[in-house]
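# sharing a model prediction with you, sequence too.
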Amino acid sequence: EEAGRDGSEGQQEEEEEEEEQAVSVVVRVRPPLEGEDEDMYGNLLPMAISVPDEARPTLQVISKEGTESERTTRCTYDKVLWMNADQRSVFESSSIKPAVVGVAHGISACVFAYGQTSAGKTFTMLGDSFGESMGDSMTQDWGLIPRAVSTLFEELERERLVLSD
């Protein structure tokens, strides 16, 4: 009963919700680079990538070589962003923007990119022309880091205005 008076019961429920959403794995599929559809001998690499069910984002990679069970690899993620996803949609449609807003309210967050060489990590995190496009307004090319910093300062300013009223 005492927990209800000091508000810790509600805090416990919030902490349980946060724990449920502690880690979110988002995959961004980039388009193949020039020449990537061939192996080192110039042979075409037969492969298809699909997301068969949008409700349960499972990335499915299908190769034409090997037995049927060897040809298909399936991995399920919290979100799969397709090749046509731009930087804005990556930031807004994944769990990144809410995490950044949470940081402004004292909630710890971490966002990192993981993948093999040339997978698109730097492009995703910094953008296409990082440094060149850093002006007064956000551009389409901004990656997650400049968008996160901009969003963080916007949220802090919004909170400052709310508190000053």
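Done, it's in.
# give the contact list for residue 75.
Applying C-beta atoms under 8 Å, 6 or more residues apart in numbering to residue 75 gives the contacts 27, 58, 59. Glycine gets a C-beta too; all of them are placed from N, C-alpha and C.
# pull up the pairing partners for the helix or strand hosting it, direction included.
For residue 75, the enclosing helix or strand under DSSP states H and E is strand 72-76. Take DSSP bridges as the rule and strand 72-76 pairs in its sheet with strand 58-63 (antiparallel).
# now do stretch 151-165: everything it contacts.
For stretch 151-165, contacts defined as C-beta under 8 Å, 6+ apart pick out 91, 97, 100, 101, 103, 104, 105.
# of those, which is the nearest to residue 120?
Closest to residue 120 out of the contacts of stretch 151-165 is residue 91 (14.5 Å), distances taken as C-beta to C-beta.
# so which strand or helix has the closest one?
According to DSSP H and E, residue 91 maps onto helix 87-93.
# what about the longest helix in this protein?
Ranked by number of residues, the top helix in the chain under DSSP state H is helix 144-164.
# residues of that helix that come out buried?
144, 146, 147, 148, 150, 151, 155 (16 or more other C-beta atoms under 10 Å).
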